[in-house]
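Peer 1: Just need the structure, nothing else, for what follows:
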Amino acid sequence: MIHYTCDRCKREIDACHETRYTVRIEIQASSDPALADFDEDIDHLTELHQVLEGIADDDLDFPLSLPAQIVRYDLCPECHQQFLKNPLGRDAMMAIGFSNN
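Peer 2: Next comes the predicted model:
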């Protein structure tokens, strides 16, 4: 028999009698093309051509982009409601309150 535990409150979830919620988060690196540094003296088409030739020569032995990270959490019904109210946990971070030293 599979046992589930809420990843937030650590309470055991009885999958036969209550709903178990699964939160799946995908994290990817992203960049804003508008903020990229472009040098007017560089021939970008030539550079792109060289990169593509290198890919063909290497037979795609390396990833073209960073892989996404996927994390999964199981939540009980009570923690599911709390997660929906505050998915990033901002209230907890604001309540810490550091001094102005």
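
Peer 1: Secondary structure element holding V51?
Peer 2: helix 44-58 (DSSP states H and E).

Peer 1: Show residues contacting the one helix or strand L84 maps to.
Peer 2: L84 belongs to helix 77-85 when assigned by DSSP H and E. Helix 77-85 is contacted from outside by 6, 8-9, 18-19, 21, 23, 75, using CB atoms under 8 Å, 6 or more residues apart in numbering. Heads up, the C-betas are built off the backbone N, CA and C, glycines and all.

Peer 1: Among those, which are located in strands?
Peer 2: 21, 23, 75 (DSSP state E).

Peer 1: L75 is in contact with the first one, correct?
Peer 2: Translated: Y21. Yes: counting by CB atoms under 8 Å, Y21 touches L75, with 4.4 Å between them.

Peer 1: for this protein, which spans come out with low pLDDT?
Peer 2: Applying pLDDT under 70 to the chain picks out residues 31-42, 55-65, 92-101.

Peer 1: Kindly recompute the last result at 90.
Peer 2: Within the chain, the ranges that satisfy pLDDT under 90 run 1-2, 15, 28-68, 88-101.

Peer 1: ok so, going back, selecting buried members of the contacts of helix 77-85 in ChimeraX, what would you type?
Peer 2: A single ChimeraX command selects the buried members of the contacts of helix 77-85 (16 or more other CB atoms under 10 Å):
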select :6,8,21,23,75
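
Peer 1: Of the contacts of helix 77-85, which is the nearest to E47?
Peer 2: V23 (41.0 Å; CB to CB).

Peer 1: quick one: contacts for that closest one?
Peer 2: Per CB under 8 Å, 6+ apart, neighbours of V23: 72-75, 83.
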